[in-house]
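*Asks:* sequence and predicted structure, then a few things I'm wondering about:
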Amino acid sequence: MMLRRLVTVVLLSLAACYEPASEFDDSLILYVFGPPSEILRRGGSPDLFDFATTHWRFYDDYLDLQAAACDDDTDGGKPDWPYLWRHGTEGLGFDSTNGRYYGRRAGLDVSPLGIVVMQTDDRLWTFAADGGAPLHADLRSRSGGGPDMAAFATDTLVWTDGDGAPSLYDFGQPREPFETWKVVYSWRQAQGQAGSFDYWFQPSPAVQRDGTLIWTSGAGVTRALKPTGEVKWQAPANEGPLLVTEDDVVIRSNSGDFVAFDDDGGVRWHAPTPSDATRLVGSALVDEGRYPSTVIPMLYRTSVGALLVTRRTSDGAQIAMLDTRDAGNIGGPEVIGADRNGSLFINAADTETGYSLAARTPALQELWRAPAQKLEFAPIVSETGDRLVTIDSKCRVKLIDRYTGNTLASHRMVGRPGRFLPRYINGVLYVVAEFRAHETVKPSEMQGRVRPDGGIIDVSDYGCFSAPYINSRLCPPVEADNTRRVYALYAFQVE
């Protein structure tokens, strides 16, 4: 161990004497972090040379200077909903992930102990939920890119993806300097030379209470994978949303029907398509992952319209059925949130106002309806149950009275949501907005600019340690690149 540290410090010292070019050699990227005095001074830090957690300040300054990507001002008369904290970073952009594209939205999660984790490309970011301080930016090896996933199995174990298959990281074990979080399980390593289609997988935030991950491989198999690496069960399945209820019932859409599985993989219940319906379109109604309700809505197309059906998650028994033509002037539900008791909050295309948000009982009786924007995610019900949170396509996060539908406050984010499912825990909402930079901005260009709080930007705060490294791959600019996006992670106090 001591020999490895000595060799690493020698490499770092040599690298510090290296004259940076416009592009660094990849072999030096992890080692060029500053003069030897700085290296030795920080020798006791658990995040030694983790430059990204300091360079985050550049992205924060950059976000402060950006105008919102949306020009919507429909809530201009409502109180602003200030965020608790916000941080920014860059990553690859996937246009196909917007618009409720399942299997690409599982890159954000929060543990009960207060660790926020977000995966973007080859970095696994971790933050303190209280205050948002960046803790670490784990550099991971991923061949050919792949889907992003971050889903806590326990307080300190997090499921993520490694080379296109599930891996389990342990945040509870200490890290040595220059090392990533410890990988305690890797499906790819465990399976050896399994079929390549079995490696590619649909990432999922669907995790049971014992940490079991429910995921679907490219070979068309849904598995229940325990943190030990044991496969509890597997079943044939097509791609679609995966849900895990509070009672650990796994629900998924498959071949036009909804199927629920017991903990041993046996079919718990099967919801066939109603006789007067032509196909199921309900997979686009609810957000995948941990499902908070005892009632699940399903939407079916008919030859003349649509049928909205509610069923119990425990046994699949039908509660009610509603022909949307009889529901007033709504053209059809698009996103539905639910509370623990089965009350539904439905965002629908409305033939009169464009979009509406309505509250209905499990029996589908309407309680109220209010004009709304098109929502990107299912409405979220607060822990006390008296507030709703909505996130719409116009960059707005809104706090709503769940009993009346009145907007209490709203905030226009710097970008649109879509890639990361929001997370709500301990009264705080975590949501990611994204936008494409239209011009390249270098860290050096921020020198001397004035922050919103009146402070003057000093680029030496960006963690490059040596002036020649500014604007290099160590301290990179925000690039005007169609393949990349800027991401802003927000935290909002809900209650």
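*Replies:* That came in fine, so what should we check first?

*Asks:* show me what stretch 376-389 is in contact with.
*Replies:* 98, 100, 285-287, 292, 335-340, 343, 345, 347, 357, 390-393, 397-403, 408, 416-418, 421-422, 424, 427, 429, 492, 494-495 (Cβ atoms under 8 Å, 6 or more residues apart in numbering). Where C-beta positions appear, they are placed from N, C-alpha and C, glycine not excepted.

*Asks:* and it, what's buried?
*Replies:* Using 16 or more other Cβ atoms under 10 Å as the burial criterion, the residues of stretch 376-389 that qualify are 376-382, 387-389.

*Asks:* endpoints of that stretch, how far apart?
*Replies:* Start-to-end span of stretch 376-389 (Cα to Cα, to the nearest Å) is 12 Å.

*Asks:* picking up where we left off before, restricted to strands, list the contacts of stretch 376-389.
*Replies:* 335-338, 345, 347, 357, 390-391, 397-401, 408, 424, 429, 492 (DSSP state E).

*Asks:* how far does stretch 387-407 stretch from start to finish?
*Replies:* Stretch 387-407: ends 10 Å apart by Cα to Cα.

*Asks:* so how far is P476 from R360?
*Replies:* Applying Cβ to Cβ, to the nearest Å, the value for R360 to P476 is 49 Å.

*Asks:* check whether the closest residue to V304 other than its chain neighbours sits in a helix, strand or coil.
*Replies:* Spatial nearest neighbour of V304, chain neighbours left out: R325 (7.5 Å); criterion: Cβ to Cβ, 6 or more residues apart in numbering. Under DSSP: H, G, I helix; E, B strand; the rest coil, the three-state class of R325 is helix.

*Asks:* give me the low-pLDDT residue ranges for the stretch 1-150 of the chain?
*Replies:* By pLDDT under 70, the low-scoring segments of the stretch 1-150 of the chain are 1-53, 71-77, 92-104, 121-122, 139-147.

*Asks:* actually, the stretch 151-300 of the chain.
*Replies:* Using pLDDT under 70, the stretch 151-300 of the chain drops low at 162-163, 175-179, 193-201, 238-241, 254-256, 280-284.

*Asks:* and stretch 479-489, end to end?
*Replies:* Stretch 479-489 has an end-to-end distance of 19 Å (criterion: Cα to Cα).

*Asks:* numbering from 31 from now on, please.
*Replies:* OK, 31 is where the count begins now, so the last one is stretch 509-519.

*Asks:* so what touches that stretch?
*Replies:* With Cβ under 8 Å, 6+ apart, stretch 509-519 has contacts from 89, 92-93, 96, 116-123, 138, 146, 148, 150, 157, 162, 443-445, 449-450, 460-470, 508.

*Asks:* the residues you listed in strands, which ones?
*Replies:* Reading strands off those with DSSP E, I get 116-122, 138, 146, 148, 150, 157, 460-465.

*Asks:* from the residues you listed, list the buried ones, please.
*Replies:* 116-121, 138, 146, 148, 150, 157, 460-465.

*Asks:* just give the nearest non-adjacent residue to D380, would you?
*Replies:* Among residues not flanking D380 along the chain, S386 sits closest, at 4.1 Å (Cβ to Cβ, 6+ apart).

*Asks:* the one you found: how many residues sit nearby?
*Replies:* By other Cβ atoms under 10 Å, 22 other residues sit near S386.

*Asks:* residue contacts, R341?
*Replies:* Contacts of R341 (Cβ under 8 Å, 6+ apart): 288, 301, 325-326, 328, 347-349.

*Asks:* how about 7 Å then?
*Replies:* Contact analysis of R341 by Cβ atoms under 7 Å, 6 or more residues apart in numbering lists 301, 326, 328, 347-349.

*Asks:* next, count neighbours for L438.
*Replies:* L438 has 14 neighbours, counted by other Cβ under 10 Å.

*Asks:* how confident was the prediction at it?
*Replies:* L438 carries a pLDDT value of 95.

*Asks:* so it touches D431, yeah?
*Replies:* Yes - using Cβ atoms under 7 Å, L438 is in contact with D431, at 6.0 Å.

*Asks:* where along this structure do the helices fall?
*Replies:* All helices of the chain, identified by DSSP state H, fall at 32-46, 66-71, 81-94, 217-221, 226-229.

*Asks:* so the third one versus strand 115-122, what angle?
*Replies:* Calculated by axes from the mean of the first three to the mean of the last three Cα atoms, to 10 degrees, helix 81-94 forms an angle of 100 degrees with strand 115-122.

*Asks:* name the helices or strands packed onto helix 81-94?
*Replies:* Under the contact definition 3 or more Cβ pairs under 7 Å, 6 or more residues apart in numbering; DSSP states H and E, helix 81-94 sits against strand 115-122, strand 164-169.

*Asks:* chain center to that helix, what's the gap?
*Replies:* Centroid separation between helix 81-94 and its chain, computed with Cα atoms, centre = their mean, to the nearest Å, is 20 Å.

*Asks:* can you give me the angle it makes with strand 164-169?
*Replies:* Using the same axes, to 10 degrees, helix 81-94 lies at 110 degrees relative to strand 164-169.

*Asks:* now do helix 81-94: everything it contacts.
*Replies:* By Cβ under 7 Å, 6+ apart, helix 81-94 touches 63, 77, 116-119, 153, 164-167, 444, 471, 473, 476, 481-482, 487, 491-493, 504-505, 508, 518.

*Asks:* if we take the buried residues of stretch 406-419, which one ends up nearest to S216?
*Replies:* F407 (30.4 Å; Cβ to Cβ).

*Asks:* over to that closest one: give its phi and psi.
*Replies:* Backbone torsions for F407, taken as degrees, to the nearest 10, come to phi -130, psi 160.
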